[in-house]
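Engineer: Here is a sequence together with a model predicted from it:
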Amino acid sequence: MLPDPRHIAKTAVVGALGLALTGAGLVLLLRAVWIALVFAWGPMWTAAAMGGALLIIGGATLALLMRRPRRLPPPPASPLTAVIAAFAQGYGSAQALKSRR
């Protein structure tokens, strides 16, 4: 069953709008932080601190994205499967003994 193309288009549009609004909010937040810090630290230290913080956040984000996903261990075998396999093996052994006589 293929997904509905209209649903995919709506999801893409809403996702793009959300990404644009998030970007605008981040720009305004960074501007507010700049204005707050520039009077206390001066433009050079403010730029260094904000650049360093963004570098660390970006590096951590990339490190999280680049790591390999963990493989989950296979689910444990069902006890019923083991019982059925043992029964079939025993039945086969009994048939083999029966045919020898």
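Structural biologist: Done, it's in.

Engineer: pLDDT of stretch 86-101, averaged?
Structural biologist: For stretch 86-101, mean pLDDT rounds to 86.

Engineer: for stretch 48-62, same thing?
Structural biologist: 93.

Engineer: swap in stretch 1-9?
Structural biologist: According to the model, stretch 1-9 has a mean pLDDT of 86.

Engineer: Give me the buried stretch members for it, please.
Structural biologist: Across stretch 1-9, burial judged by 16 or more other CB atoms under 10 Å covers no residue at all. (Each C-beta comes from the backbone N, C-alpha and C, glycine too.)

Engineer: again, but for stretch 44-59
Structural biologist: Buried, per 16+ other CB under 10 Å, within stretch 44-59: 46, 50.

Engineer: Helices along the chain, start to end?
Structural biologist: 5-66, 79-100 (DSSP state H).

Engineer: mind giving me JSON lines with those and columns for distance to Pro73?
Structural biologist: Converted to JSON lines, the helices of the chain look like this (distance: least, CB to CB, whole Å):
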{"stretch": "helix 5-66", "distance to Pro73": "23"}
{"stretch": "helix 79-100", "distance to Pro73": "17"}
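
Engineer: And for Met34, the neighbour number?
Structural biologist: One thing to correct before we go on: residue 34 is Trp, not Met. For Trp34, the count of nearby residues is 13 (other CB atoms under 10 Å).

Engineer: oh sorry, the question was meant for Val38
Structural biologist: For Val38, the count of nearby residues is 15 (other CB under 10 Å).

Engineer: okay but it is in contact with Thr46, surely?
Structural biologist: Yes - applying CB atoms under 8 Å, one finds Val38 in contact with Thr46, separated by 4.8 Å.

Engineer: ok, Leu30 to Met50 distance?
Structural biologist: 7 Å (CB to CB, to the nearest Å).

Engineer: try Ala60
Structural biologist: From Ala60 to Met50 the distance is 16 Å (CB to CB).

Engineer: for Leu28, same thing?
Structural biologist: Distance from Leu28 to Met50, counting by CB to CB: 14 Å.

Engineer: Kindly report the same for Leu17.
Structural biologist: 27 Å.

Engineer: How about Val83?
Structural biologist: From Val83 to Met50 the distance is 65 Å (CB to CB).
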